Every structure is written in C-alpha cells, then in structure tokens.
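In: Structure for the following, please:
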Amino acid sequence: MSFYMVIPQEITFGPIVAIIPVLVLAFVLGQALHSLAAGLEKLIAKSCLVTSHRTLFAEKILNPDNAEKRIIEEFKVECSRLLHDPSLLIESEENTSHSSEEWKELYPTIQSYIYNSEVGRSRTFQAIYAFSRSMSVLFVGLPLFYITYYLFQKNGFFFDRQSKYLLYFPNFGEFIEVAWPLCWLGALLFLYSTYTYRKFFVQYLISDFVALRTVDH
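Out: Now for the predicted structure:
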C-alpha cells in the first residue's frame, strides 16, 4: 500500500481478483526488505556502530547482570557438558579476550541446538526483532523514495497523478509534507522495538538452552 501513491493509472481489478497478485508482490517485497535489512545490519556491525548478535551474546555471558548470574552459570555448565569442553568454565582476566571470541564462535551452535526443538520463546522474539528491523528500514527509506519520485515527477520523468488518487491532498508535494514526519516517527518506534527485542532474543536464547538441556536430562 505504501507504493499505491505512485501507480500511474487507476487499478480496475476487483478486490477478489487483485488480492492474489498483491499477496505475491507483498511476499516478494517482504523477503527483499528482510534481506536488505539484514545486509545493512551486518554492514553497520562491521563499522562498530551497532553491536552484532554474536558480540551481544558474548558480552551477556562474560558480563552478566546480578539478576542473570545464576542462569549464566547454569548455561556455562550445560555448554561445557554438551560440547565436552571444561575450558568454558574457566574465567580469568588474562583469558577474557580469548573467551569472548570463543563464545562468538559457539553462538551458531547454541542457536542450532535450540532451533532443533519446537519450543522456546527466543524464536518468537527473533521473529518480532526481524519484523521490527525490516519495518525500520522501510520507514526510513519510504520518505526518501517519495522525495526521489517527486523530484523526477517535477522534472517531467513521470506523469502527474490525478487528485482523486491523493484523496485529501491536492498534489503529491503536500502529501509528502504529511507522510515525511509520520514515516520518521514510525521509524523511531520500530528502531526502539528492534533494540528492545534484540536484547530479549539473546536473553531468552540463553534461557531456552538451559531449559532444553534440563528436559534432555
């Protein structure tokens, strides 16, 4: 629906006929948006502006909050048992850097172990996180898309749309004046949601692992 404003001609299909191509297009664009958001996150993580999942996971293991120390200790014990690696329980100031890299390497292994099961809340938080991340990218990019389209339109590259498409806006420029702040507000809200559920995901990833190991015993 975000791109409806730039369709140059009126849609004559009925709602029943149009729903299939709309759903297919929404799925394709959704997958493309998800891939773009994941790529941007990796790119930003490399520049150290945003902490990667692996780094956040390692920091949570090595520097837990007081309320999380017990579950972190149980997590380390279960990892040591599962991987037959007693060194995971060794802590020292000299070994901190090495341990951090080691936990980063073990992150996909822990994640795979959990995802082999159908239970666990971390999967839900990861899905919400991925959705919020994609919506953040959409709301950041949509005003830029509208502005670019408007500039091309003013220079004669696209036909000007009839006012009936814009409903309460006499022209596309006034529509952008309203859409711009709303899109940025949506971007801020989803960025906050992304940050929040990202932390929840890592926390419940650790809790799910301990719970699954207890069940396996």
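In: Against which helices or strands is the lengthiest helix in the chain packed?
Out: Ranked by residue count under DSSP state H, the longest helix found in the chain is helix 172-216. Applying 3 or more CB pairs under 8 Å, 6 or more residues apart in numbering; DSSP states H and E, one finds that helix 172-216 makes contact with helix 53-62, helix 69-83, helix 96-115, helix 122-154. From N, CA and C alone the C-beta is placed, and that goes for glycine too.
In: For the residue nearest to Leu212 when sequence neighbours are not counted, grab phi and psi.
Out: Spatial nearest neighbour of Leu212, excluding adjacent residues (CB to CB, 6 or more residues apart in numbering): Ser117 at 5.7 Å. Main-chain dihedrals, Ser117, degrees, to the nearest 10: phi -110, psi 160.
In: can I assume Gln203 is in contact with Glu59?
Out: No: counting by CB atoms under 8 Å, Glu59 is not a contact partner of Gln203; they are 11.9 Å apart.
In: For the chain, which element, helix or strand, carries the lowest mean pLDDT?
Out: helix 15-46 (a mean of 78; mean pLDDT, DSSP states H and E).
In: rewinding a little: the residue nearest to Leu212 and Lys69, how far apart?
Out: Distance, Ser117 to Lys69, by CB to CB, to the nearest Å: 25 Å.
In: Can you give the contact residues for stretch 127-137?
Out: Applying CB atoms under 8 Å, 6 or more residues apart in numbering, the contact partners of stretch 127-137 are 30, 33-34, 36-38, 40-41, 186-187, 190-191, 193-194, 197-198, 200-201.
In: cool, stretch 190-198 as well?
Out: Contacts of stretch 190-198 (CB under 8 Å, 6+ apart): 53, 56, 125, 128-129, 132-133, 135-136, 139.
In: if we go to 6 Å?
Out: With CB atoms under 6 Å, 6 or more residues apart in numbering as the contact definition, stretch 190-198 has outside contacts at 125, 128-129, 132-133, 135-136.
In: May I see the buried residues of that stretch?
Out: 190-191, 193-194, 197-198 (16 or more other CB atoms under 10 Å).
In: Tell me, how many residues neighbour Ala127?
Out: For Ala127, the count of nearby residues is 12 (other CB atoms under 10 Å).
In: Can you give me the pLDDT of it?
Out: At Ala127, the model reports a pLDDT of 88.
In: ditto for Ser52
Out: 78.
In: Nearest residue to it in space, please, no chain neighbours.
Out: Ala45 is the one closest to Ser52 (CB to CB, 6+ apart), at 4.1 Å.
In: and if you look at Pro86?
Out: Closest to Pro86 by CB to CB, 6+ apart is Ser80, at 5.8 Å.
In: quick one: contacts for Leu205?
Out: So Leu205 contacts Ser122 (CB under 6 Å, 6+ apart).
In: Pull out the buried residues from stretch 176-191.
Out: 176, 179, 183, 186-187, 190-191.
In: now these as CSV including distance to Trp103?
Out: Converted to CSV, those look like this (distance: CB to CB, whole Å):
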residue, distance to Trp103
Ile176, 47
Ala179, 44
Cys183, 38
Gly186, 35
Ala187, 32
Phe190, 29
Leu191, 27
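In: neighbours around the residue nearest to Tyr204 when sequence neighbours are not counted, how many?
Out: Setting aside the residues directly before and after it, Tyr204 is nearest to Ser122 in space (CB to CB, 6+ apart), at 4.1 Å. When neighbours are counted by other CB under 10 Å, Ser122 registers 22.
In: Appreciated, that's everything.
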